[in-house]
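1. coordinates only, no sequence provided:
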């Protein structure tokens, strides 16, 4: 038959009085055209027989691993949710820190601290939070990867690029989350803050 580059295997299954024959073949370039040709050839031999559930190998694989793909999508969604919660947490902590150190920041600015130094202090606090959270998350990620690698030998190895990408994302998230509290700290008027207004 034209288009067949090799038949890999066939299998016959008997269920009660019905016989099912399954087979697979390598076809190029269009496997669905081959499936139609096989169906016509079978009907020429026996019009009562039919071909059903013909599919390409990629489709078979997708149908087999859809649960894994669903789990992967759920994990991605959870990762995005974790990033969003981390951003809200860093923002909340820094906002509270700026509010509680209102007078301290005012004193520093009144005694000559430049806006850059005040900003560096707030960003340093944000980066310290990100580094602590990143270290804990990195350790948990290593444990989870080890467990998954034991269960799924085909799991790809971790890469330095991915690890650095996650670290950069965490630091960038910390800086973005600290932008509003830092801007609020820079708007503090030392005279008003020291009078308690």
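-> Structure's in. What do you need? What you see is a predicted model; the values in this text were computed from it and never measured.

2. going by C-alpha atoms from here, please, whenever you check contacts or count neighbours.
-> Fine.

3. how close does residue 149 sit to residue 139?
-> Note on residue 149: its distance to residue 139, by C-alpha to C-alpha, to the nearest Å, is 15 Å.

4. okay, helices next: where are they in this protein?
-> Secondary structure of the chain (DSSP state H): helices located at 31-45, 57-64, 66-100, 102-110, 115-151, 160-177, 179-186, 190-195.

5. out of those helices, which comes closest to residue 22?
-> Nearest to residue 22 among the helices of the chain is helix 31-45 (12.4 Å), distances taken as C-alpha to C-alpha.

6. so which elements touch the closest one?
-> Helices and strands touching helix 31-45, as assessed by 3 or more C-alpha pairs under 8 Å, 6 or more residues apart in numbering; DSSP states H and E, are absent.

7. how about residue 105, what does it touch?
-> Counting by C-alpha atoms under 8 Å, 6 or more residues apart in numbering, residue 105 touches 118, 185, 188, 190.

8. the first one touches residue 186, doesn't it?
-> In this case it means residue 118. Yes: here residue 118 reaches residue 186: they are 7.3 Å apart, a contact under C-alpha atoms under 8 Å.

9. which residue is nearest the centroid of this structure?
-> residue 76 (3.4 Å; C-alpha atoms, centre = their mean).

10. any idea how far residue 36 is from that residue?
-> Applying C-alpha to C-alpha to residue 76 and residue 36 gives a distance of 39 Å.

11. could you measure from residue 47 over to residue 26?
-> As judged by C-alpha to C-alpha, residue 47 and residue 26 stand 25 Å apart.

12. those two - which one has more neighbours?
-> Applying other C-alpha atoms under 10 Å to residue 47 and residue 26 shows that residue 26 carries more neighbours, namely 15 against 11.

13. per-residue confidence at that one?
-> Residue 26 carries a pLDDT score of 71 in this model.

14. swap in the one 3 residues further on?
-> Among the per-residue scores, residue 29 shows a pLDDT of 68.

15. quick one: mean pLDDT over stretch 55-74.
-> The pLDDT scores in stretch 55-74 average 77.

16. nice, that's everything, thank you.
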